[in-house]
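Enquirer: coords please:
(chains A and B)
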Amino acid sequence: MRARPTSRVLRTLIALGTIAALGACDRTVQPTEVLPALEVSNVDADAGSWRPIVLASPEQVPVPAPLAVTSAEYRAELEAVVRAQRTMTPAQRANMEYWSSGGVLRWNQVMRELVARYNLPPAPRADGTYVFPDADNPFADPNFPFANPPYAARAYAYVSVAQYDALKAAWFWKYRHNRPAPSRTNATISTRVAATTLPSYPSEDAVLSAVSAEMLRLLFPASVEQITRLAADQRDAALLSGRATASDIAAGVALGRAVAAAVIARAGADGMRNAVGNASLWASLADSVRARGETPWTSLESPARPPMLPLFGRVAAWTMTPAQLLADGPPPPPSTNSAQFRDELAEVRRTVDGLTRAQYAIALKWNDGAGTYTPPGHWNDIAAEPVRDARMSEVRAARTFAWLNMAMHDAAVACWGVKYQYFNPRPSQVDRAIRTPIGLPNFPAYPSGHSTFSAAAATVLGHLFPARATEFAQMADEAGISRLYGGIHYRSDITEGKAHGTRIGAIVVRAAQTDGAR
Amino acid sequence: MMVMTAEWTRIARALVAPLAALMVTTAAAAQSADDGFPVERRQLRVTLDHGVDAWRTYWEGTRRRDNENIGTLRTRQTVVSAGFGVTRSLALFAALPYVATNASQGVLAGQQGAQDLSLTAKLRLLETPFTRRGAISAFVYGTGSTPITDYTPDLLPLSIGLGARRATARALLHYQDRTGLFADAAIAHTWRSTVTLDRPAYYTNGRLTLSNEVAMPNVAEYSATVGLAAGPLCLPITFIDSRTLGGGDIRRQDMPFVSNRMNAQRLHVQVMLDLPKTGKAVRLNAGMMQVLHGRNVGLSTMWSGGFTLVRGF
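Expert: Modelled structure (predicted):
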């Protein structure tokens, strides 16, 4: 009683198997942006004269004169480069290629990864309370930090500003000391990445490695190991690529650290340490709203979670004074008792009830919620492409990210100030039938942070890349409306957030226009 | 009613007197896309099944927890499937689930829709007597499946599926005793296509990927069944161990992610009964599946029920 498959059976099986195999054959993913080796379109030789953000002047961080290129010590350094290049391992070569696409772009990717890694709210304890992350105990549960959107906006800004100031200072000292690139002194050194006329002392790669590592270790202390390794890798790549000798690198590290120290001093005094508030502050926010006859925001998480960074609105901005922050703010939101409020609430419900797949895709695309690089990270992601395409010098790439991230930091400060001024409820709080297909942020609705961040970012990027200004503006609009599609914002949150963000962006553009870079 | 009673008597006899060998030749069997019973030649079997899966506790990585922002996660699933015996050894199957999810607490919206269409070819390679008491048969299965709607896999655990195309190769050894007792052992390997998200970057397994494409690790599955197929009754009990061969854990207080290392050990108990008086044209199915242990999955219990219409051509 033995069953034998017929040839027809076999053919059927082969056909089915082929279909199944074809269906599943596309199985690998390119994990990172494709970044070609950087061949700068302009070395920006005058960048040493561009106005610093935090430093008073580049001379605040002096770089002593290097040894003469004719000295025995320097010749020995050059020989060390030659030897290192001869004995390069495949891993070293891969590392060199990784960094050859530009350190600013690479560190920006790293920063986005760190934000995504730490953008998780603390889990509730068994008694229904939450512990706040502790900078002195970053590996505990919860990890430090909780890199939520305001934290992330501030982190991206501080790292970018520190990189920008450090590279301008590096350019200043490079042209002051004018040590030629190693390959110009020793012809046996091959330049493995595109050579430029940029003087080599201090090494810009080393400056960037040190300033980035110092800033990131402070902001993401639990990832100290990865950060430190990457910084060392970048310096190895600088030497192996024939761009820098040991003394170029040592001077660069010292400069990067000195600039980071100045920026960290500012960060320590910017008000962030008080942004969490305390239980009596949280209660007083609701009380003051009730006293006005309005419905205050409440957390819809279970157990109820304290509101996110209620005093972030008092953190120092980069381009605006506290008075300016108040003066430029949006008008009050519609009263929770008004007909306009009821109409806008009904619109939210109608939208989520009739959500199309295309609208849902937009809501998911811009969600940038917990566990992601946040909306400011999304705009860094967007900016990376035109920066790459423009083949910017490291200092100009740093400038681009610095102004972009200062704009989003200021947008976060301004937006958070308004959110906690009005402390108004999310749609799902007022109409429990509104359920969200993306998740609900744990802070008040008005105005939309996405709209504010995005309008500010698009305004600044539109100024820096005028040919793409319309495209950026459309992206910002899409990011804004995505929050209505997600059922978590009323329309006036979005329109007023966009207007507010656009005003902030314009202020940042005016500041950028006077920094000396053409 | 009289007939019913007679049927139950036969079942009782089968249970208490396993040597009632006469019944073996007429024994009912599951004849589904994954078991060790062939579909008769030119027989069409159409099944409608409804199941409700619920969990309150889940594994966040290897940590067992509840989540008050989810409450109980319920997944209701209606599956239409059909099998056809092409020859005595080859059968083809198709199945399509309609899935709806719901969280009892929190603000996340449930999702629903038709999920993945699967096609399976089931081939009996051999059937041979084994001792004087029974027979052994061997089967291989090839399954291909593809999502037929554009649902998102990016809102787990509310998403209705994982969104990957899949290809599964499976092999099964089946021992059938004269008494109606049977036992199966099976292994399967599933390859999965990448999944496309609606966003340009995601973080999982310790790194940020700047792409909307997610690589999906393969899945291995091992299962063992013991059961009884006697008279109008078939009663299999299956232990299933499925392991995702890669992928990251859900991070602390994070949402699940589509490529997570989802592992589960489950026990599946089924009862199938040919409806009396229908000449085996209608069969009732009921089942219960319990997750015993897992990783990045819910500690779920699923109850299901349905019927199969059988017709020869």
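Enquirer: residues near residue 292, how many?
Expert: Just so you know, I chose chain A. Neighbours of A:Arg292 under the rule other CB atoms under 10 Å in any protein chain shown: 12. To be clear about C-beta, it is placed using only N, CA and C from the backbone, and glycine gets the same treatment.
Enquirer: hm, I was asking about chain B
Expert: Neighbours of B:Leu292 under the rule other CB under 10 Å: 12.
Enquirer: and if you look at B:Gly248?
Expert: Using other CB under 10 Å, B:Gly248 has 18 neighbouring residues.
Enquirer: name the nearest residue to it, sequence neighbours excluded.
Expert: Spatially, and ignoring its direct neighbours in sequence, B:Gly248 is nearest to B:Asn205 (2.9 Å; CB to CB, 6 or more residues apart in numbering or on different chains).
Enquirer: now for that neighbour: which residues touch it?
Expert: The contact partners of B:Asn205, by CB atoms under 8 Å, 6 or more residues apart in numbering or on different chains, come to B:Gly247, B:Gly248, B:Asp249, B:Ser259.
Enquirer: does the first one really touch B:Arg295, like I thought?
Expert: No: counting by CB atoms under 8 Å, B:Gly247 sits too far from B:Arg295 to count as a contact (9.8 Å).
Enquirer: which neighbours do the two share?
Expert: Taking CB under 8 Å, 6+ apart as the contact rule, B:Gly247 and B:Arg295 both touch B:Arg261, B:Met262.
Enquirer: what comes up buried for stretch B:140-154?
Expert: By 16 or more other CB atoms under 10 Å in any protein chain shown, the buried positions in stretch B:140-154 come out as B:Tyr141, B:Gly142, B:Thr143, B:Gly144, B:Ser145, B:Thr146, B:Pro147, B:Thr149, B:Tyr151, B:Thr152, B:Pro153, B:Asp154.
Enquirer: pLDDT of it, averaged?
Expert: Stretch B:140-154 carries an average pLDDT of 97.
Enquirer: from A:Asn380, how far off is the residue nearest the centre of chain B?
Expert: Closest residue to the average C-alpha location of chain B: B:Asp34 at 7.8 Å, with CA atoms, centre = their mean. Computed as CB to CB, to the nearest Å, the B:Asp34 to A:Asn380 distance reads 48 Å.
Enquirer: and if you look at B:Ile237?
Expert: Going from B:Ile237 to A:Asn380 by CB to CB gives 54 Å.
Enquirer: which one's more surrounded, those two?
Expert: A:Asn380 (26 against 13).
Enquirer: the more buried one against A:Trp107, yeah?
Expert: No: A:Asn380 lies out of contact with A:Trp107 (CB under 8 Å); the separation is 10.7 Å.
Enquirer: coming back round to it: farthest pair in the contacts of B:Asn205?
Expert: Among these, the pair separated by the greatest distance (CB to CB) is B:Asp249 and B:Ser259, at 11.1 Å.
Enquirer: quick one, which of the two is more surrounded?
Expert: B:Ser259 (25 against 21).
Enquirer: could you list the low-pLDDT ranges of the stretch 251-400 of chain A?
Expert: Scanning the stretch 251-400 of chain A for pLDDT under 70 picks out no residues.
Enquirer: so A:Cys415, which state does it fall into?
Expert: For A:Cys415, the assignment made with DSSP: H, G, I helix; E, B strand; the rest coil gives helix.
Enquirer: what about it, distance to A:Asn119?
Expert: From A:Cys415 over to A:Asn119 the distance is 17 Å, taken as CB to CB.
Enquirer: so for those two, which sits in the more crowded spot?
Expert: A:Cys415 (32 against 24).
Enquirer: which ones are touching that one?
Expert: With CB under 8 Å, 6+ apart, A:Cys415 has these contacts: A:Gly313, A:Pro447, A:Gly449, A:Thr452, A:Phe453, A:Gly497, A:His500, A:Gly501.
Enquirer: element containing the residue lying closest to the fifth one once chain neighbours are set aside, please.
Expert: Meaning A:Phe453. Excluding the flanking residues, the one nearest A:Phe453 by CB to CB, 6+ apart is A:Pro375, at 4.6 Å. A:Pro375 is part of helix A:374-389 when elements are defined by DSSP states H and E.
Enquirer: can you give the domain ranges for chain A?
Expert: Domain ranges of chain A: A:47-57+A:76-268, A:317-512, per automatic domain parsing.
Enquirer: can the longest one be said to contact chain B?
Expert: Yep, that's domain A:47-57+A:76-268 we're talking about. Yes: judged by CB under 8 Å from any CB of the partner chain, domain A:47-57+A:76-268 comes into contact with chain B through A:109, A:112-113, A:116-117, A:120-124, A:141-143.
Enquirer: in helices, which of those residues fall?
Expert: Those of the residues of domain A:47-57+A:76-268 next to chain B mapping onto helices are A:Gln109, A:Arg112, A:Glu113, A:Ala116, A:Arg117, per DSSP state H.
Enquirer: now neighbour count, distance to B:Leu299 and pLDDT too, for these, in CSV please.
Expert: As requested, those are exported to CSV (neighbours: other CB atoms under 10 Å in any protein chain shown; distance: CB to CB, whole Å; pLDDT from 0 to 100):
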residue, neighbour count, distance to B:Leu299, pLDDT
A:Gln109, 20, 38, 97
A:Arg112, 25, 34, 98
A:Glu113, 23, 32, 98
A:Ala116, 25, 28, 98
A:Arg117, 21, 27, 98
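Enquirer: so for residue 17, what's the pLDDT?
Expert: I went with chain A, as the question did not name one. Reported pLDDT at A:Gly17 in the predicted model: 60.
Enquirer: oops, wrong one, chain B.
Expert: If you check B:Ala17, the pLDDT there is 41.
Enquirer: just to check, A:Leu440 is in contact with B:Val107?
Expert: Yes: applying CB under 8 Å, one finds A:Leu440 in contact with B:Val107, separated by 4.9 Å.
Enquirer: now the residue nearest to the centre of chain B, what's its secondary structure?
Expert: Under the three-state scheme (three-state DSSP), B:Asp34 adopts coil.
Enquirer: hmm, it is touching B:Thr168, no?
Expert: No: the criterion here is CB under 8 Å, and B:Asp34 misses it with B:Thr168 at 9.7 Å.
Enquirer: mutual contacts of the two, please.
Expert: B:Tyr141.
Enquirer: sorry, back to before: including distance to A:Ala250, could the residues of domain A:47-57+A:76-268 next to chain B go into CSV?
Expert: Formatted as CSV, the residues of domain A:47-57+A:76-268 next to chain B follow (distance: CB to CB, whole Å):
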residue, distance to A:Ala250
A:Gln109, 26
A:Arg112, 30
A:Glu113, 28
A:Ala116, 33
A:Arg117, 31
A:Leu120, 38
A:Pro121, 42
A:Pro122, 41
A:Ala123, 44
A:Pro124, 49
A:Asp141, 39
A:Pro142, 38
A:Asn143, 34
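Enquirer: flag every residue of the stretch 151-300 of chain B that's near chain A.
Expert: B:152, B:154-155, B:158, B:164-168, B:191-194, B:197-203, B:206-211, B:213-216, B:251-255.
Enquirer: low-confidence ranges, chain B, go.
Expert: Along chain B, the model assigns pLDDT under 70 to residues B:1-30.
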